[in-house]
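>>> Pasted the sequence and its predicted model underneath.
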Amino acid sequence: MALFLSPPKLVLLAVHLAVKADIDSLTSLAAHHGSVLRKELLLRILLTYLPETLRSSDYVTLIEHIERGEFPESQLDSTENEQKHEIDVSSVESLTEEEAIKKVKKLRLLPLSSPEAPSTAEVAADDTTSLFLLRRSYKVDEEAGLLTELPALLAPFLDHSPAIRWLLVSTIVPLLRRNCEYYPNEPIPYTLAAFQRLPERTIANVLLSQTGAREEDYGQIGRDLKGMIAPWILDRKRWNNKDRESGSAEGLTPRGPDTNEDLCPGWNQVLRWLTSNASKNWRVAANAFDQWEGPQSVDFGGILGGGEEAQLNDEQRRHLDWTYAQAALASTYLISNASVEALEGAYAILNRAVIVTNQDPLPPLQNAVGLLAPLAEQVDGIVASPKNATYLRNDLLDSSNILTWPTETSTAFCQALIISAFILTRAGSPCTLRRVGELALLQDEREQKAEALKLIHSLANQGPKTDDKFWMKARDEILWLRDWGAEDAWGATDSRPKGIFSQLKKEFLEVEFLKALLTNTRYALAKSIYEDSVERPLDEKVLKDAVFSTAMTAYDNASNPNRTRGGLKKCDDIIKAFPNTISKSDPVAQKIEALLQATHALSEFRLVLKQGEPFTPVVLRVHADPISIIDRILEQNPKSYTRLHDLLDIGAGMVKAGLTTTTKTPASKQQHSSYTTATLSSEEEEKQRLTAERRITAMCIDAALTEDDFETAYSYILNRLSSPPSSRNRSSTPSSVVIEDDYSWKAALQAGKYRRTSRTVRPTHIGTNASANPEIRHLEQRIECLSTALRIAPTPTLQEILNAFRRAEEELDSALKAEEEAEDAWDAAGDSMHGHHGGGQRVPGAFGTPPGGGGGGTRQHISATGIGSGGSSAAAAAARSAKSSSSSNSRHQQLKHKQTEEAPMSLFDLSRASVLSAQKNLSALSSLQRVAGGLGGHLGGVAGGLSGSVGSLVGGFTSSSSSNTTTNAAGRNSLSSDRDRDMMRPGSRGSTSTAGGGMTNSFYSDGTGTGGEEGNGGGGQQGRVRKRDQLREAAMGTLVSGVGWLVGAPAPTQAQAQAHGGNGNNNGHRREE
């Protein structure tokens, strides 16, 4: 029936079949009515009414038949064709012709070309098939969103029109892969037509919006670039010079006029995407350049064969390659991560640039670092100019950037930088490529020095302790960084280094590396390089300074003051590591040795300078007043003052080490150079040693007094402070070294002011000339300390000392009077008991009267038999009889004489009395006449200076004393034998040493002479000195010594002292000093 339909009805029937998507019937209808259903009309009907949801494979064959104008059914008989493909014409059969014509006129068939379809403008108007396919593609995507059906629709017609081919390859395929294959969960919200209308830069960003966004997708970055960017960039529409004829590559320069970013804005945006990712996430850039060989590597997905990229001419393809390589170089400089892995990625990116520009491939990075090949000759002066430093940060993708445009010079420069950064980073000093580039280009010496020190210190802290090969390799790398192997290059002519340490002297690098070796205890290796080698890298002086500086660094870093451990041991080992360079007699080596000894000595004590912080050696070296540390030792270590010799050795070590130099401040002490070069003259050093000795002694005296050990303090004053400071330097005399001692007199004064308490340490022994009364003995010692203070104190301080001296004398007088009163009371009690029990009755505690013999014989027997011998009964009886006969007369005389002696006396009267007392004893005791010269020498100018002025007083007083002693002789002889023995015992009050000058008074003879009352005692009884007179003479002797010192009396000579000690008089003894 369709064979007999009118043209209007045939058109309406074709529309009906297209709406129902009856492709077979429509094909049959078109085959039999080609004269009516012409090609354009049929394509417009399909374009307008064929459903967009229909699969492309269902109707693409019809399009091919329409394009060729040949249908298989046309070869068949019409009858057989109708029977085989019976067409339902019921939809138009009932229509009249007029109705059919009206409906045909109402049809709104779409034109094949439209401004809404961007690609149709590139197709000729008579190419209806191409227009249909392009318009159909946009409709399918817009109406149904079936972008996946377009490749099947257009693939059979790729050769029909370039517009169809490049729409599919450069637009549909990238968009299809972006939305449907690669990132279906993150599609871009653009239709095909809208996507084409986007700016080129936006399209590039849209296509790469998800590339490298997740770490798990890093392996697909190359896929995205090959499958989306590479096909998209090959379309001529992306290029501004699309009409340029293809030219020969010969004669083209890589930096031609079309190398600016306006040549291909989309491609330039891709390059910017690469470089921006390099600065933000270097892994994305590294994977991109590693997985994508370049713009020539395209994934068409099997749609196209080879050679389709010939749409671009040679200049365009060369531009793609060189700009891609430039982006690779720019990315290396933009990597901000300073790690070994990042630098390995940068090296791979650089290698990609080298390969793309047809240069020789680079060796692996590990091999390049191991070989350290000379690269200085490949880097010319133009590239290494300081003015190019701005290109490290600006215009990285500009064709005028000499550092990123991929030439052999720029790639060699970048390779040298990567190797340099790799060496620094691997050694523990992270450094980016841009940082090393600035070091090499700006040539700032301070920056280079800081980076070199950072590198070497990192090696010193992290390097192995036993691998010499590592240190040899490290030394080679450090020297290579200075000139990039220029010294190893054969025939090198440029003498100016080009490395990242080019402004540093080789000597500086050698010195710092030597310090690193010594810090890591590689002494043998350091000695072999810097001392034993034929060509020594360092001069002897430079080597010495480096060794001393390293030793002091080890000392400062030490935490244990023991020199056999830790940093102090390392300091000692470093000094001894170069025996041919540093001898034991070297002044600086001696100073360091003294410092080590002093520090080691401090380790024997507990010492905390700050709460919660243990003492470290560096505190001693930088301390503003190191001697004061000894004071802290005395505070924190009980009884440490008894180790005076050890403390003096510590102080001497501090002086010898130069720690007490007053011109140094703590800040300057921290500088090793100032420490090792500072020297003192022998006289100045000796002066400081003596000052330190006196100061430490004073500290020990104060510490002893603080711990109530007065005896030790008294001993130190008597033995250490009473004599002038002595010099250990034999070449100098005491008079040649004058020190300002402001410590000794203060210590002596404090000892003189000390008062004995119950906590005071008791003496272990009492001297032979000391008083048995501990209180009197203590007062005598205090006066002796004050006498020492008077001798050594400066003039302005004498008044304070004299006041203390006066108070001590007053206390001594009071003690003596109290003891005398106690003795008188004891004597009175004994006399009373003897008077009540007379007539030969024996009273407990009394002694019998001897049957015969005088007192002289008894006295001689007592002296001869020695102290504490007990005597004979006859001697005891004689003494008791003499005492009994004179008791009544002597008591009255004692009371009268006591009242006279207790009268207040002036200082002059006391001096006169002491002189008269001494003269009386000299005239009375024949045993002391043999030592009169020595005693006169000891008194010195006291007797001689006062003889003229007090001569008459002496004579008068002597006469008076003579008469008085005659009367009191019997009373004094009433003392019991027990008391006599007590006085004669060594260390008792019978032998009293003067507190000031050591003068000794003997109160008993050796049996050959008589007492002061000889000839007046009667009965042949030997005279003896009364106990109260003995105590008075002891006090007077103290004043005599003080007056002798005030008037300048000379001290007794050694010969006089020996003569006095060798006369056989065992009753007097000198005090040991």
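That came through fine. Numbering: from 1, shown residues only.
>>> where do the helices sit along the stretch 401-550 of the chain?
For the stretch 401-550 of the chain, applying DSSP state H, counting those that start in this stretch gives helices covering 408-426, 433-442, 445-462, 468-483, 506-519, 523-530, 540-556.
>>> mind checking which of these is nearest Tyr754?
helix 540-556 (40.8 Å; CB to CB). No exception for glycine: its C-beta is placed from N, CA and C like everyone else's.
>>> what residues does that closest one touch?
Identification of contacts with helix 540-556 by CB atoms under 8 Å, 6 or more residues apart in numbering yields 507, 511, 514-515, 518-519, 530-531, 536, 538, 567-568, 570-571, 574-575, 577-578, 581-582, 586, 588-589, 592, 595-596, 599, 617-618, 621, 670, 672-673, 675-676.
>>> In a markdown table, list the helices of the stretch 401-550 of the chain along with mean pLDDT, mean neighbour count and distance to Gln799.
Output for the helices of the stretch 401-550 of the chain, formatted as a markdown table (pLDDT from 0 to 100; neighbours: other CB atoms under 10 Å; distance: least, CB to CB, whole Å):
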| stretch | mean pLDDT | mean neighbour count | distance to Gln799 |
| --- | --- | --- | --- |
| helix 408-426 | 95 | 24 | 73 |
| helix 433-442 | 94 | 23 | 72 |
| helix 445-462 | 93 | 18 | 61 |
| helix 468-483 | 94 | 19 | 71 |
| helix 506-519 | 94 | 21 | 59 |
| helix 523-530 | 94 | 18 | 63 |
| helix 540-556 | 93 | 21 | 48 |
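>>> Dump the ones you listed into CSV; add distance to Ser114 as well.
As requested, the helices of the stretch 401-550 of the chain are arranged in CSV below (distance: least, CB to CB, whole Å):
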stretch, distance to Ser114
helix 408-426, 51
helix 433-442, 53
helix 445-462, 65
helix 468-483, 67
helix 506-519, 75
helix 523-530, 84
helix 540-556, 84
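>>> hang on, the earlier thing: which ones among the contacts of helix 540-556 map onto helices?
507, 511, 514-515, 518-519, 530, 567-568, 570-571, 574-575, 588-589, 592, 595-596, 599, 617-618, 621, 672-673, 675-676 (DSSP state H).
>>> Buried subset of those residues as a PyMOL selection?
Entered in PyMOL, the line below selects the buried ones among those, by 16 or more other CB atoms under 10 Å:
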select buried, resi 511+514+515+518+519+530+567+568+570+571+574+575+588+589+592+595+596+599+617+618+621+672+675+676
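>>> right, and Tyr476 touches Gly370 too?
Quick fix: residue 476 reads Asp, not Tyr. No. With contact defined as CB atoms under 8 Å, Asp476 and Gly370 do not form a contacting pair (10.2 Å).
>>> Tell me where the stretch 801-950 of the chain is predicted with low confidence.
Low-confidence segments of the stretch 801-950 of the chain, defined by pLDDT under 70, are located at 834-950.
>>> mind checking how far the closest residue in space to Gly651 that isn't next to it in sequence is from Thr788?
Of all residues beyond its chain neighbours, the one nearest Gly651 is Ala692 (4.0 Å), with distances taken as CB to CB, 6 or more residues apart in numbering. With the distance defined as CB to CB, to the nearest Å, Ala692 ends up 20 Å from Thr788.
>>> Got the confidence number for Leu362?
In this model, Leu362 is scored at 94, pLDDT.
>>> Just give the number of residues close to it.
Number of residues near Leu362 (other CB atoms under 10 Å) recorded here: 20.
>>> Please apply the same query to the one 5 residues further on.
When neighbours are defined as other CB under 10 Å, Asn367 has 10 of them.
>>> what about stretch 596-616, how long is it end to end?
12 Å (CA to CA, to the nearest Å).
>>> Also stretch 745-759?
The first and final residues of stretch 745-759 sit 25 Å from each other (CA to CA).
>>> Touching, the residue nearest to Gly651 and Ile650? I think so.
No. Under the criterion of CB under 8 Å, Ala692 is not in contact with Ile650, lying 9.2 Å apart.
>>> what packs against whatever helix or strand Ala804 lives in?
Secondary structure assignment for Ala804, by DSSP states H and E: helix 798-836. Contacting helix 798-836 under the criterion 3 or more CB pairs under 8 Å, 6 or more residues apart in numbering; DSSP states H and E are the following elements: helix 744-753, helix 774-792, helix 873-885, helix 887-901, helix 1027-1046.
>>> So which other helices or strands are in contact with the first one?
Yep, that's helix 744-753 we're talking about. Judged by 3+ CB pairs under 8 Å, 6+ apart, helix 744-753 is in contact with helix 682-706, helix 710-716, helix 774-792, helix 798-836.
>>> Try it again at 6 Å.
Counting contacts by 3 or more CB pairs under 6 Å, 6 or more residues apart in numbering; DSSP states H and E, helix 744-753 is packed against helix 682-706, helix 774-792, helix 798-836.
>>> and the angle for it with helix 774-792?
Taking axes from the mean of the first three to the mean of the last three CA atoms, to 10 degrees, one finds helix 744-753 and helix 774-792 inclined to each other by 160 degrees.
>>> what's in contact with helix 744-753?
With CB atoms under 6 Å, 6 or more residues apart in numbering as the test, helix 744-753 has contacts from 694, 698, 701-702, 705, 713, 717, 721, 782, 785-786, 788-789, 792-793, 801, 804.
>>> and what of stretch 146-163?
When contacts are defined by CB under 6 Å, 6+ apart, stretch 146-163 is touched by residues 56-57, 60, 119, 122-123, 130, 133, 137, 140-141, 164-165, 168, 172, 176, 180.
>>> Count the residues that sit near Pro151.
Pro151 is surrounded by 18 other residues when neighbours are defined as other CB under 10 Å.
>>> Name the helix or strand for it, please.
When elements are assigned from DSSP H and E, Pro151 belongs to helix 150-154.
>>> Could I get the buried residue list for that helix?
Within helix 150-154, the residues that qualify as buried are Leu150, Pro151, Leu153, Leu154, counting by 16+ other CB under 10 Å.
>>> burial count for the closest residue in space to the last one that isn't next to it in sequence?
In space, and not counting its chain neighbours, Leu154 is closest to Leu168: 4.6 Å by CB to CB, 6+ apart. Counted with other CB under 10 Å, the burial measure for Leu168 works out to 24 neighbours.
>>> which SS class is Leu168?
Going by DSSP: H, G, I helix; E, B strand; the rest coil, the secondary structure assigned to Leu168 is helix.
>>> Can you tell me how far Ala117 is from Ser137?
Taken as CB to CB, the spacing of Ala117 relative to Ser137 amounts to 8 Å.
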